[in-house]
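1. Okay, here's the prediction I keep looking at, along with the sequence it came from:
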Amino acid sequence: MSTVRLLANAFAADGEPSAAISINDLLIRNFAGTVHEKNGRMNLFFLYLNGKQYHLAQEALAQLKGKYPNDEAVQLASWLMYLEGQAPLMLRSEQATAETEIRSGARIALVNYPNPFNPTTIIRYELPTATYVTLKVYNLLGQEMATLVDAYQDAGVKSVPFDAAHLASGVYFYRLVTDRAVQVKKMLVAK
């Protein structure tokens with residue numbers, strides 16, 4: 001089964017989303033009622049979202065919400081879809097957006113580079129004021145995979161390395177929580 005998922009992710013990373021979509025459709029049909037169906041549905045959502053096919057991403061999200069209404073990963077996907085609709089620049093050009101947010105002070109700048117990555121990336125954020133910070137990594141099922149920061153930090157730019165050598169290829173979320181803000185971004189481990 002992991003071979004099928006890796007193949008779908010490889011097609012997506014190689015710029016062949018139609019092949020990745022077909023493989024995820026196969027997962028959904030042949031493994032109904034299992035975690036593989038859910039993973040296939042989540043992968044479809046992200047393929048559509050990353051491909052700027054928002055109406056298809058919205059349909060995939062609606063199906064996820066119908067089947068898994070209380071699932072944390074689905075709630076994170078809903079949040080990402082909301083962000084895509086409310087802040088069009090946010091997921092399109094992360095580096096430019098981070099710089100804009102730093103200047104405006106409207107949000108905490110949060111970006112990782114490189115993305116996709118294998119096996120390490122740097123998560124960078126800027127705090128406008130001193131605050132308590134937690135930075136955690138989650139998989140598509142909403143399971144916590146790593147706690148990178150859980151401490152009080154002074155204002156300024158912070159860089160946190162993340163090594164995903166122990167994780168499988170796929171989409172992961174990183175979530176930054178402060179006293180005044182919560183941000184969730186996605187990253188792709190491509191092995």
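-> Cool, got the structure.
2. so which helix or strand takes in Val133?
-> strand 131-138 (DSSP states H and E).
3. ah, wrong one, I meant Ser18
-> Assigned by DSSP H and E, Ser18 falls in helix 17-30.
4. Show me what counts as buried in that helix.
-> 17, 20-21, 23-24, 27-28 (16 or more other CB atoms under 10 Å). Glycine gets a C-beta too; all of them are placed from N, C-alpha and C.
5. hang on, the earlier thing: check which helices and strands the strand holding Val133 sits against.
-> The helices and strands touching strand 131-138, judged by 3 or more CB pairs under 8 Å, 6 or more residues apart in numbering; DSSP states H and E, are helix 72-86, strand 120-127, strand 144-153, strand 156-163, strand 170-177.
6. ok so, going back, report the mean confidence score over the helix holding Ser18.
-> Helix 17-30 shows a mean pLDDT of 79.
7. Which other helices and strands does it contact?
-> helix 2-13, helix 35-50.
8. Flag whichever of these has the least confidence on average.
-> helix 2-13 (a mean of 48).
9. before we move on, back to that, turn the helices and strands packed on strand 131-138 into JSON lines, columns for mean pLDDT and mean neighbour count.
-> Below are the helices and strands packed on strand 131-138 laid out as JSON lines (pLDDT from 0 to 100; neighbours: other CB atoms under 10 Å):
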{"stretch": "helix 72-86", "mean pLDDT": "73", "mean neighbour count": "17"}
{"stretch": "strand 120-127", "mean pLDDT": "92", "mean neighbour count": "19"}
{"stretch": "strand 144-153", "mean pLDDT": "95", "mean neighbour count": "13"}
{"stretch": "strand 156-163", "mean pLDDT": "94", "mean neighbour count": "13"}
{"stretch": "strand 170-177", "mean pLDDT": "90", "mean neighbour count": "21"}
